[in-house]
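*Asks:* below: sequence and its predicted model.
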Amino acid sequence: QVQLVESGGGLVQAGGSLKLSCAASGRTFSSNAMGWFRQAPGKEREFVAAITWSGSNTYCTDSVKGRFTISSDNSKNTVYLQMNSLKPEDTAVYYCNLGFSSGRSYQELNYWGQGTQVTVSA
């Protein structure tokens, strides 16, 4: 069993910041990376960022580059997503995911957190 528990969502004004956390527990040995996805109302879930547990590889979608930073704390099995300069279009439910990285890209496995709402007001 794998458990992913997210925290840190909320309501913030445009230009503000939020930091999401995702703590993983259980049988995580099948993965070597974790990522964040988001889903806005009426839209498909999209990839946001990912990081290998070693921290040697990070991946980020273009729309958040320069604004979002992903990091990890192996001692706590926790991944963070620092979100700065938030925009209304960042509003979505953010999901943590356990995945795998071959080095060139991130591949999600079917382990998801419950999601945390991020709302950015104009």
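*Replies:* Okay, I see it.

*Asks:* shouldn't residue 75 be within a helix?
*Replies:* Yes. Assignment of residue 75 by DSSP: H, G, I helix; E, B strand; the rest coil places it within a helix.

*Asks:* what separates it from residue 56, distance-wise?
*Replies:* 17 Å (CB to CB, to the nearest Å). For the C-beta atoms, the positions are set from N, CA and C on the backbone; glycine is no exception.

*Asks:* so for those two, which sits in the more crowded spot?
*Replies:* Shown here are residue 75 and residue 56; by other CB atoms under 10 Å, residue 56 has more neighbours (9 against 6).

*Asks:* look at the more buried one and give its secondary structure.
*Replies:* Assignment for residue 56 (three-state DSSP): coil.

*Asks:* what sits against it?
*Replies:* By CB atoms under 8 Å, 6 or more residues apart in numbering, residue 56 lies in contact with nothing.

*Asks:* ok, now residue 81?
*Replies:* 19-20, 22, 36, 48-49, 68-70, 94 are the contacts of residue 81 under CB under 8 Å, 6+ apart.

*Asks:* that one bridge partners, please.
*Replies:* On the basis of DSSP bridges, residue 81 is bridged to residue 20, residue 70.

*Asks:* residue 119 now?
*Replies:* Residue 119 has these beta-bridge partners by DSSP bridges: residue 11.

*Asks:* ok, now how distant is it from residue 14?
*Replies:* Counting by CB to CB, the gap from residue 119 to residue 14 is 11 Å.

*Asks:* same question, residue 107
*Replies:* Taking CB to CB, one finds residue 107 at 33 Å from residue 14.

*Asks:* what ranges does the chain have for its strands?
*Replies:* For the chain, the strands defined by DSSP state E cover 2-7, 10-13, 18-26, 33-39, 46-52, 58-60, 68-73, 78-83, 92-101, 106-112, 116-121.
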